[in-house]
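Novice: Need coordinates for the following:
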Amino acid sequence: MEMYRDARESSSNRFCKEHRMKLIQGDIKYGPKLPIGKNCAKVQTYLSSAIDDHSRFLLCSRFYDGQDEAIVEDTFHQVIVEEMALFAA
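Specialist: Predicted coordinates:
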């Protein structure tokens, strides 16, 4: 446990939020081109992910066939649904 406590005090973690779920970071990356289009045409996919800044825990990650604001909203919605399920259990 000392190793983890000391790591929090290092300069590499000084920008890390001090509590879980205080800051969620999101990103969108290009995924593979998959044959999911009309007549099995290859379509570019995008990976939308959300990560907790404190724990670096991956909260949600999904592939989508478009790159618009709706995928960011859906990713954030899935994070909220998963967190509410954890509190309800």
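Novice: ok, Gly37 touching Val43?
Specialist: Yes. At 4.4 Å, Gly37 counts as touching Val43 under the criterion of Cβ atoms under 8 Å. All C-beta atoms are positioned from the backbone trio N, CA, C, and that covers glycine.
Novice: Output the lowest mean pLDDT helix or strand found in the chain.
Specialist: helix 2-8 (a mean of 63; mean pLDDT, DSSP states H and E).
Novice: which helices and strands does the helix or strand that it is followed by pack with?
Specialist: Heading C-terminal from helix 2-8, the first helix or strand you meet, by DSSP states H and E, is strand 24-34. With contacts taken as 3 or more Cβ pairs under 8 Å, 6 or more residues apart in numbering; DSSP states H and E, strand 24-34 sits against strand 43-52, helix 69-88.
Novice: Adding distance to Gly26, mean neighbour count and mean pLDDT, write the ones you listed out as JSON lines.
Specialist: Formatted as JSON lines, the helices and strands packed on strand 24-34 follow (distance: least, Cβ to Cβ, whole Å; neighbours: other Cβ atoms under 10 Å; pLDDT from 0 to 100):
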{"stretch": "strand 43-52", "distance to Gly26": "5", "mean neighbour count": "17", "mean pLDDT": "95"}
{"stretch": "helix 69-88", "distance to Gly26": "6", "mean neighbour count": "12", "mean pLDDT": "90"}
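Novice: For those, give me JSON lines that also has distance to Gln25.
Specialist: Output for those, formatted as JSON lines (distance: least, Cβ to Cβ, whole Å):
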{"stretch": "strand 43-52", "distance to Gln25": "5"}
{"stretch": "helix 69-88", "distance to Gln25": "11"}
